[in-house]
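*Asks:* starting from these lines, generate the structure:
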Amino acid sequence: MTNYSTKEAQQRFSQVIEKAQRQPVIIERHGRARAAIVSMRRFEIYENLMKVFADELAAENLHEAIKAAKEGRLTASAQLRKEAAFMARFGSAGADAGRASLRGFDRQRAGAVDAVQLAARGAALPKPE
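*Replies:* Predicted coordinates:
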């Protein structure tokens with residue numbers, strides 16, 4: 001990894017971009033890392049990994065919410081549903097982070113609420129892989 005101060009990065013921007021194609025480049029300000037520049041390929045890999053991770057966490061939280069609802073722990077269930085809906089925004093189940101419309105987020109949240117309510121009534125849902 002190569003580090004540049006903000007001033008150096010500005011002066012050698014083409015060199016910074018070229019190095020970022022091979023390895024992450026750290027931009028420092030006042031001696032502290034403030035940003036990282038990575039190749040587009042590496043960025044897409046990171047973004048896809050985050051989506052997968054968010055999907056898995058959302059599924060886990062949704063199943064925990066169902067379990068809590070069945071056990072009568074409605075406050076815990078509501079909190080877990082909120083967390084699952086939030087995480088689904090960043091996973092492939094939702095739109096890309098920053099591009100998700102509020103309407104899309106509301107549909108996902110409503111879907112999570114419906115799933116928990118159905119499960120609380122005894123309907124079975126598939127378990128996450």
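*Asks:* quick one: average pLDDT of the longest helix along the chain?
*Replies:* The longest helix of the chain (DSSP state H) is helix 40-70. Here the mean pLDDT over helix 40-70 is 83, rounded to a whole number.
*Asks:* now for it, which elements pack on it?
*Replies:* Packed against helix 40-70, as judged by 3 or more CB pairs under 8 Å, 6 or more residues apart in numbering; DSSP states H and E, are the following elements: helix 74-90, helix 102-120. Where you see a C-beta, it was placed from the backbone N, CA and C, and this is true even at glycine.
*Asks:* those helices: lowest mean pLDDT?
*Replies:* For these, where the average pLDDT is lowest is helix 102-120, sitting at a mean of 47.
*Asks:* over to residue 34: give its phi and psi.
*Replies:* When read as degrees, to the nearest 10, the backbone of residue 34 gives phi -120, psi -20.
*Asks:* ok, it - contacts?
*Replies:* Contact criterion CB atoms under 8 Å, 6 or more residues apart in numbering gives 6, 27-28 as the residues in contact with residue 34.
*Asks:* make a PyMOL selection of the buried ones in those residues.
*Replies:* Provided next is the PyMOL selection string for whichever of these are buried by 16 or more other CB atoms under 10 Å:
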select buried, resi 27+28
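*Asks:* out of the contacts of residue 34, which is nearest to residue 45?
*Replies:* Proximity of the contacts of residue 34 to residue 45 was ranked by CB to CB; the top entry is residue 27 with 20.4 Å.
*Asks:* now the closest one: closest residue in space, sequence neighbours ignored.
*Replies:* With CB to CB, 6 or more residues apart in numbering as the criterion, residue 27 has its nearest non-adjacent residue at 4.3 Å, and that residue is residue 35.
*Asks:* the one you found in helix, strand or coil?
*Replies:* Here residue 35 is recorded as strand under DSSP: H, G, I helix; E, B strand; the rest coil.
*Asks:* from residue 63, how far out is it?
*Replies:* For residue 35, the distance to residue 63 under the criterion CB to CB, to the nearest Å works out to 37 Å.
*Asks:* again with residue 47
*Replies:* Residue 47 is 25 Å from residue 63, where distance means CB to CB.
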